[in-house]
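A.B. asks: Sequence plus predicted model, see below.
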Amino acid sequence: MRYLLLLYSTPDAGPEPNSPEAMAEMKEWYALTQELVDAGAMLGGEALHGADSATTVRVRDGKTISTDGPYAETKELLGGYYAIDVENLDAAVEWAAKIPSAPYGSVEIRPIMELPPELPDA
């Protein structure tokens, strides 16, 4: 099964950027990514820029409206994701627990929908 591990934390959580603690944590991120690759579970993943760089698009009454910032006000912000392919939800939970930010943030696990390659004729 394919899962998306969505990584959330508050902007002030975790080590200060560019600090020795942040550099040490970065080694943990690289090690986890390599472990996922070695296990054949890694499909992809990326770190995201901060929510202040987001743009939200809505279409209302046929008009496209874009606004700066994330869609909803929330304390925890999406900071990145891993897309993984593992046997079941239990395995996804095991990987999520290894995420370096899990002790001060949260990891939302979402199954990826399996869509047909094309729609059947109506």
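C.D. replies: Sure, I can see it. Residues are numbered from 1 along each chain as shown.

A.B. asks: CA atoms for contacts and neighbours, from now on please.
C.D. replies: Noted.

A.B. asks: measure the residue sitting nearest the centre point of the chain to Thr33 for me?
C.D. replies: In the chain, the centroid-proximal residue (CA atoms, centre = their mean) is Tyr81; its distance is 2.1 Å. Distance from Tyr81 to Thr33, counting by CA to CA, to the nearest Å: 11 Å.

A.B. asks: just to confirm, which helix or strand has the closest residue to Glu28 other than its chain neighbours in it?
C.D. replies: What sits nearest to Glu28 in space, not counting adjacent residues and going by CA to CA, 6 or more residues apart in numbering, is Pro100, at 6.4 Å. Secondary structure assignment for Pro100, by DSSP states H and E: no helix or strand.

A.B. asks: Pull out the buried residues from the helix or strand containing Met26.
C.D. replies: Assessed by DSSP H and E, Met26 sits inside helix 20-38. Using 16 or more other CA atoms under 10 Å as the test for burial, helix 20-38 gives Glu25, Glu28, Trp29, Leu32, Thr33, Leu36.

A.B. asks: if we take these, which one ends up nearest to Ala47?
C.D. replies: Trp29 (10.4 Å; CA to CA).

A.B. asks: My guess is that closest one contacts Tyr82. True?
C.D. replies: No: Trp29 is beyond contact range of Tyr82, at 11.2 Å (criterion: CA atoms under 8 Å).

A.B. asks: Same list (the buried residues of helix 20-38) but as TSV, adding pLDDT.
C.D. replies: Shown next, in TSV, are those (pLDDT from 0 to 100):
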residue	pLDDT
Glu25	92
Glu28	95
Trp29	95
Leu32	96
Thr33	96
Leu36	97
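
A.B. asks: Reformat those residues as a markdown table; add distance to Leu7.
C.D. replies: Putting the buried residues of helix 20-38 into a markdown table (distance: CA to CA, whole Å) gives the following:
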| residue | distance to Leu7 |
| --- | --- |
| Glu25 | 15 |
| Glu28 | 15 |
| Trp29 | 12 |
| Leu32 | 14 |
| Thr33 | 14 |
| Leu36 | 16 |
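
A.B. asks: between the residues you listed, which is nearest Leu4?
C.D. replies: Leu36 (13.1 Å).

A.B. asks: Which residue is the nearest non-sequential neighbour of that closest one?
C.D. replies: Met42 (5.1 Å).
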